[in-house]
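everything below, folded, please.
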Amino acid sequence: MTDEGEPNCFQEACKVEHSKEWKKAMEEEMNSLQENKDWELVNLPKGRKALQNKWVYRIKHEGDEKKESYKARLVVKGFAQK
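Next up, the predicted model:
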């Protein structure tokens with residue numbers, strides 16, 4: 001966990017006190033990716049591996065510090081790209 005209470009990985013997000021909020025944020029991200037058609041499922045060429053991805057979690061504070069929103073983004077580990 002970060003100092004701000006944000007999980008570092010998916011496993012942490014599922015085990016923390018606010019796991020329901022993190023799961024809802026992940027569902028919203030997946031729905032957004034599908035609605036915007038940001039990806040399509042294809043067969044990989046022989047000898048190629050898919051790029052890995054990871055979840056990035058942030059707690060956003062709106063206006064007064066009491067209002068928190070949980071955000072999750074699915075990002076590709078592009079550094080492995082050739």
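
what is the end-to-end distance of stretch 30-48?
25 Å (CA to CA, to the nearest Å).

how much space separates residue 20 from residue 27?
Distance of residue 20 to residue 27, given as CB to CB, to the nearest Å: 11 Å. The way it works is simple: take the backbone N, C-alpha and C, and place the C-beta from them, glycine included.

most distant residue from the centre of this structure?
Using CA atoms, centre = their mean, the residue of the chain lying farthest from its centre is residue 46. It sits 28.4 Å away.

three-state assignment of that one?
coil (DSSP: H, G, I helix; E, B strand; the rest coil).

per-residue pLDDT, it?
Per-residue confidence at residue 46 stands at 93 (pLDDT).

the one 3 residues further on now?
Confidence per residue is given as pLDDT, and for residue 49 that number is 85.

what number of residues lie near it?
7 (other CB atoms under 10 Å).

tell me the contacts of residue 40?
Taking CB atoms under 8 Å, 6 or more residues apart in numbering as the definition of contact, residue 40 has no neighbours.

surely it forms part of a strand?
No - Residue 40 sits outside any strand when classified using three-state DSSP, being coil.

give me the phi and psi for the closest residue to residue 44 other than its chain neighbours.
Of all residues not flanking residue 44 in the chain, residue 50 sits nearest, at 6.1 Å (CB to CB, 6 or more residues apart in numbering). In terms of degrees, to the nearest 10, the main-chain angles of residue 50 are phi -70, psi 150.

where does pLDDT dip in the protein?
1-4, 64-65, 80-82 (pLDDT under 70).

ok, then the element right after the helix ranked longest in the chain?
Taking DSSP state H as the criterion, the chain has its longest helix at helix 19-35. Going down the chain from helix 19-35, the next helix or strand is strand 53-62, by DSSP states H and E.

residues making contact with stretch 51-66?
So stretch 51-66 is in contact with 4-10, 13, 22, 25-26, 67-78, 80-81, going by CB under 8 Å, 6+ apart.

please pick the buried ones from those.
6, 7, 13, 22, 25, 26, 70, 71, 72 (16 or more other CB atoms under 10 Å).
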